[in-house]
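S.K.: Just the structure for this:
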Amino acid sequence: MKFFAAAAISSLVALASAAPALQCYEALRFGVISVSPTTLAAGDTATITADFTCAVEYYNHVPKYTDYLLEVPQNNNGYEAPYLLAHREPAPGTLTDQFTVQASDSLCAIPHAYYWNASYDIFLQMTYPQNGTDGSTYYTVGGVYAPVTITTVNA
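M.R.: Numbering: from 1, shown residues only. Below you'll find the predicted structure:
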């Protein structure tokens with residue numbers, strides 16, 4: 001009986017001291033993206049950060065390529081095409097990506113100043129390998145969004 005009690009207490013202590021389980025909701029299957037600051041004017045610099053912890057460790061979506069695009073939200077007037085901010089290839093084993101981008105005059109003027117005083121999204125598009133039924137590799141694409149606002153030129 002003493003052995004059983006000692007084993008039970010030992011198991012409870014081990015369970016209580018274990019690291020908390022990773023909470024990975026389906027919405028995190030392609031990573032998490034954040035932009036700081038979220039309001040930009042021409043000349044401002046923003047830091048874009050992506051975290052692939054859940055994508056890699058829980059869903060096995062290991063990024064091969066990442067593309068960061070400035071996009072207009074749904075129901076726009078149809079004239080603003082996505083603008084590529086960066087194309088990156090994360091190093092193997094990397095769970096985060098971070099870089100800065102400057103909202104240049106040309107970015108804020110594409111097309112012809114329609115980006116000013118409006119809300120947009122930074123879209124992280126992740127390309128990751130999957131195994132086919134015959135064991136061959138094919139690539140799948142998925143992504144997540146972060147909202148940003150582009151204002152008029154700083155005075």
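
S.K.: tell me the contacts of the residue sitting nearest the centre point of the chain?
M.R.: Centroid-nearest residue in the chain, with Cα atoms, centre = their mean: Ile33, separated by 3.2 Å. For Ile33, the contact set (Cβ atoms under 8 Å, 6 or more residues apart in numbering) comprises 48-51, 68, 122, 124, 144-146. For every residue, glycine as well, the C-beta is placed using N, CA and C.

S.K.: The helix or strand hosting it - what's its average pLDDT?
M.R.: Using DSSP states H and E, Ile33 sits within strand 32-36. The average pLDDT within strand 32-36 is 95.

S.K.: Give the bridge partners for the residue nearest to the centre of the chain, please.
M.R.: Ala50 (DSSP bridges).

S.K.: With Leu69 instead?
M.R.: Leu84, Phe123.

S.K.: burial count for the closest residue to Tyr83 other than its chain neighbours?
M.R.: Excluding the flanking residues, the one nearest Tyr83 by Cβ to Cβ, 6 or more residues apart in numbering is Leu70, at 4.2 Å. The tally of other residues near Leu70 (other Cβ atoms under 10 Å) stands at 22.

S.K.: Include distance to His87, pLDDT and neighbour count when you put the contacts of Ile33 into CSV, please.
M.R.: Formatted as CSV, those follow (distance: Cβ to Cβ, whole Å; pLDDT from 0 to 100; neighbours: other Cβ atoms under 10 Å):
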residue, distance to His87, pLDDT, neighbour count
Ile48, 13, 95, 20
Thr49, 17, 97, 14
Ala50, 13, 97, 26
Asp51, 19, 97, 16
Tyr68, 8, 95, 23
Ile122, 14, 92, 22
Leu124, 12, 96, 26
Val144, 17, 95, 19
Tyr145, 17, 94, 14
Ala146, 17, 94, 19
